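Novice: Here is my input, please return the structure:
(2 chains)
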Amino acid sequence: MDKVITASNLTKKFGTFTAVDHISFEVAKGEIFGFLGANGAGKTTAMRMLCGLSLPTSGDATVAGFDVYRENEKIKRNIGYMSQKFSMYEDLTIRENIRFYAGIYGMSDEAIVKKTDALVSQLQMTGNEKTLVRELPLGWRQKLAFSIAIVHEPAVVFLDEPTGGVDPVTRREFWNLIYQAAALGITVFITTHYMDEAEYCDRVCIMVDGRIDALDSPAGLMKEFKSTNMDGVFLQLARKAQRKAD
Amino acid sequence: MRTLRFLLQKEFLQIFRDPSIFRILFIMPMVQLLVLPLAADYEIKNINLSVVDHDHSEYSRKLINKITSSGYFRLRDYSPTFPQALKTIESDKTDLVLEIPAQFERALVKDNSAPLLISVNAINGIKAGLGGAYLQGIVQNFNMEVRNQWIQYARLNPQPQIEVTFSNWYNPTMNYHVFMVPGILVMLMTIIGASIASNNIVREKEMGTIEQINVSPIRKSQFIIGKLVPFWILALLILTVGLTIARVVYGIVPVGHYATIYLFASIYLMAILGLGLLMSTFASTQQQSMLVSFFLTMIFNLLSGLFTPIESMPEWAKMLTRFNPVSYFIEVMRMVILKGSGLADIKYHILAELGFAFVFITWAILNYHKREA
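Specialist: Numbers count the residues shown, from 1 in each chain, chains lettered A, B, ... in the order given. Predicted coordinates:
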C-alpha cells in the first residue's frame, strides 16, 4: 500500500514546552485519517509541521514522498490546507477566490473557468458567484474553503478543525464533500474534536499531551476500550491525561 | 510569471474594492498640499510690537512710522514706561519692545549717534531672531536716510559705506511655496507609501490569509513583488495628483523635466515601499506596524532637510541624513524643480536610492518566513 504520509518520532518543542512528543504514524493513499485530541493536545502543531508551516525540532516525516525538512516547498505543490482560522479573502467574491487559488497553483485559464463552474454548481451556489465571501453564511464558507483547498487536486488535504461552529446538517454535507474527495484518491488528514465525526474516519489517532495514545479504526478502538461509541473511548483516554497532569 | 499575474490581479481587486483607498489617495494629499504650505512658512509676519517713546520728537515718530509701514510689525502697544511695556510681553500681547530714549533726536543731530533698546521675547527663537533682525535692518535703513538728508554730497560722506545687494538665484522671488510644496509632497508619499504597504501584509497576517499563501508554492520573492507593484503604482498616482496641485494652485512649473522627477520617484518608492514591507515582516498586528511606521517616517521627515537645513545640523545628524532615503528625494525634487537639474546632476542620488531599495527589499524577502522555526 502507498504511504502518503509517514512520521516517525516527530517532535516539536517551543522552548521547554514539548507540544508534540515523538509521534509516529503512517497514512495510506485515499485514506481519511482523523486526528483527535483535547484543545492544546498538539493536533494543530503536528499538522503544521507536515504542511511545511513549522519546522520540526526532531524526528522524520515525509508527505507525498517529500521530506519535511528539505523538500517543504515541493510538499506545498502537492497538498491542500484549510485552517481553523477562516482563510479566504473576504473582500473578494466566490469566483475571484477560486480563480486566485487555482491560479497560484498553476492551473491554466480554461481549466480555471471550467473548474469554477463545476465547483459553483456542485456547491449549489449558482447565481451567487459574484457575492463577496464576507457576506456568505459560515456553512457556505467552510464548504467553499474546502473546495478551494482541493481545487488543484492535491495528493493530500489537511483540514484543521474544519467544521467548528457549523450546524449538524451542514456538517453532514461537509462530510459528503470529504468522501467525494477521498473517492478521487485524495488523502484526507483531518483534526476534530467532534466524536461523531471521528466515526466517519477510516482510522483515527487520539493525541493526549502531545503523544499518540491510541491509533486504530474507530471500530477497533471501541472494541479495545470496551465502549459503544467514540465518546467513551475519548473520555477514558482524556481522563488518563488528567491523572498524568496531576 | 503566471503566479505573479494572479497575485497582482487579486491585489488590485482588493485595493479598488476598498473605499478608503480613494480617500487616502486623493483627498488626503489634496488637503495636506493645500493647507500645509500656507503654514510651513519661515517668513515672520505680524510681529507684535510695543513702543516706549520717551522722546516724542519728529525723528522718533518717523522711525515708528517706518517700522509699522514695513508690513512685518503691528504696533500693539504704546507704553509710557519700559516696565509697563515688559508687562505686555509677559501677558503675550507683544513680542518685541522698542525703547526710544529721551533726547533721541538731540543726540542724533548733535552727537551723530543715538542709542536704541530692542528687547525681544525669545521663547520662540526663530521669531525672536528674525524679528530682531528685521527691526535692526529697518533702523539701519532709517539711519542711512537721516544721513543722506544731512549730507547731500556723497563724496563728502565721512564714513564710507559698503552696500550689499542680493540676487536670489533659482528662486528669485524667495517664494517659500516653491521651496516647501515639493518637499511636502515627498513627505506625503513617504508617509502613505510606508504605512499602506506595511499595513497590507500585516492585515493578511491578522485575517489568517497569509497562512494560506505560506502553505502554497508561491515564492517569497513573488509574494513581496506582488505586494510592491500595486502600491508603487498607487504612490506614483499620488505624485501625479500632487504635482498637478503644485502646478495649478501654486504655479510651480519645474525648470527641469517631469520625467526626471518620475524616474527618481520610481526608484525612491521601491526603497520606501521596501521599508514598509520590511516593517510588516516584523510586526504581527496593524497597531504595531502603524506605530513603527509612524516612528520611522517621523524621524525620516525631520532629518530630511524639509523643515530645517541639513547644513546647520550637528555632525552626527548630518551623518544620519546620509542614511535617510527621504533626504535624497527632497534634495532631488528641489534640484529638478528649482534649478532644472538633469540625470547627470543627480547620479549619486540615484545610486544611493538604488542602494536603499536593494537593501530594504532583499531584507524584507529574507525576513519573510514561510515556515516558522
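Novice: could you list every residue that touches residue B:194?
Specialist: By C-beta atoms under 8 Å, 6 or more residues apart in numbering or on different chains, the residues touching residue B:194 are B:272, B:273, B:275, B:276, B:279, B:293, B:296, B:297. In this view, the C-beta of every residue, glycine as well, is placed from N, C-alpha and C.
Novice: So which bits of the helix or strand containing the fourth one are buried?
Specialist: What it means is residue B:276. Following DSSP states H and E, one finds residue B:276 within helix B:258-282. For helix B:258-282, the neighbour count (16 or more other C-beta atoms under 10 Å in any protein chain shown) marks B:260-261, B:263-265, B:267-281 as buried.
Novice: Run the contact check for stretch A:159-179 versus chain B.
Specialist: No - on the criterion C-beta under 8 Å from any C-beta of the partner chain, stretch A:159-179 is out of touch with chain B, staying 9.8 Å away.
Novice: tell me the contacts of residue B:122?
Specialist: residue B:128.
Novice: Sorry, slip of the keys, the one I care about is residue B:350.
Specialist: By C-beta under 8 Å, 6+ apart, the contact list for residue B:350 reads B:264, B:267, B:343.
Novice: Likewise for residue A:144?
Specialist: A:88, A:94, A:97, A:123, A:125, A:133, A:136.
Novice: Quick check: which of the residues you listed are also close to chain B?
Specialist: For chain B, the contacts drawn from the contacts of residue A:144 by C-beta under 8 Å from any C-beta are residue A:88.
Novice: Looking at the contacts of residue A:144, which is nearest chain B?
Specialist: residue A:88 (7.3 Å; C-beta to the nearest C-beta).
Novice: my read is the closest one is in a strand, agree?
Specialist: No - going by DSSP: H, G, I helix; E, B strand; the rest coil, the assignment for residue A:88 is coil, not a strand.
Novice: coming back round to it: the contacts of residue A:144 in strands, which ones?
Specialist: Using DSSP state E to define strands, no part of the contacts of residue A:144 is located there.
Novice: Adding neighbour count and pLDDT, write the contacts of residue A:144 out as TSV.
Specialist: Listed next are the contacts of residue A:144 as TSV, based on neighbours: other C-beta atoms under 10 Å in any protein chain shown; pLDDT from 0 to 100:
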residue	neighbour count	pLDDT
A:88	25	89
A:94	26	94
A:97	23	94
A:123	17	88
A:125	18	87
A:133	19	91
A:136	19	90
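Novice: Now, the contacts of residue A:144 that are in helices?
Specialist: With helices taken from DSSP state H, the overlap with the contacts of residue A:144 comprises A:94, A:97.
Novice: Could you look up the SS state of the closest residue to residue A:215 other than its chain neighbours?
Specialist: Excluding the flanking residues, the one nearest residue A:215 by C-beta to C-beta, 6 or more residues apart in numbering or on different chains is residue A:205, at 4.0 Å. What three-state DSSP gives for residue A:205 is strand.
Novice: that older thread, for the helix or strand following the helix holding residue B:276, name the packing helices and strands.
Specialist: Sequence order places helix B:286-302 as the next helix or strand after helix B:258-282, per DSSP H and E. Contacts defined by 3 or more C-beta pairs under 8 Å, 6 or more residues apart in numbering or on different chains; DSSP states H and E place helix B:286-302 against helix B:176-207, helix B:258-282, helix B:325-334.
Novice: Reformat these as CSV; add mean pLDDT.
Specialist: Shown next, in CSV, are the helices and strands packed on helix B:286-302 (pLDDT from 0 to 100):
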stretch, mean pLDDT
helix B:176-207, 86
helix B:258-282, 93
helix B:325-334, 91
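Novice: For residue B:128, which of those is the nearest?
Specialist: helix B:176-207 (19.5 Å; C-beta to C-beta).
Novice: ok, and the closest non-adjacent residue to the most centrally placed residue in chain A?
Specialist: The residue lying closest to the centre of chain A (C-alpha atoms, centre = their mean) is residue A:159, at 2.0 Å. Spatial nearest neighbour of residue A:159, excluding adjacent residues (C-beta to C-beta, 6+ apart): residue A:190 at 4.3 Å.
Novice: mind checking pLDDT for the one you found?
Specialist: pLDDT recorded at residue A:190 is 94.
Novice: Which single one of the contacts of residue B:194 is nearest to residue B:325?
Specialist: residue B:272 (6.1 Å).
Novice: give the contact list for the closest one.
Specialist: Contacts for residue B:272 (C-beta under 8 Å, 6+ apart) come out as B:189, B:190, B:193, B:194, B:235, B:325, B:326.
Novice: residues in contact with the second one?
Specialist: Listed by C-beta under 8 Å, 6+ apart, the contact set of residue B:190 reads B:272, B:297, B:300, B:301, B:326, B:329.
Novice: and chain A, which of its residues are near chain B?
Specialist: Residues of chain A lying near chain B (C-beta under 8 Å from any C-beta): A:51-55, A:72-73, A:76-77, A:79, A:81, A:83, A:85-92, A:96, A:99-101, A:103-106.
Novice: So which residues of chain A form strands?
Specialist: Going by DSSP E, chain A shows strands at A:3-14, A:17-28, A:32-37, A:58-63, A:66-67, A:79-82, A:156-160, A:187-192, A:203-208, A:211-216.
Novice: Would you mind giving those as TSV with distance to residue B:35 added?
Specialist: Below are these laid out as TSV (distance: least, C-beta to C-beta, whole Å):
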stretch	distance to residue B:35
strand A:3-14	51
strand A:17-28	54
strand A:32-37	59
strand A:58-63	58
strand A:66-67	59
strand A:79-82	49
strand A:156-160	51
strand A:187-192	55
strand A:203-208	61
strand A:211-216	65
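Novice: What's the nearest residue in the stretch 51-200 of chain B when you look at chain A?
Specialist: Closest point on the stretch 51-200 of chain B to chain A, by C-beta to the nearest C-beta, is residue B:200, at 12.2 Å.
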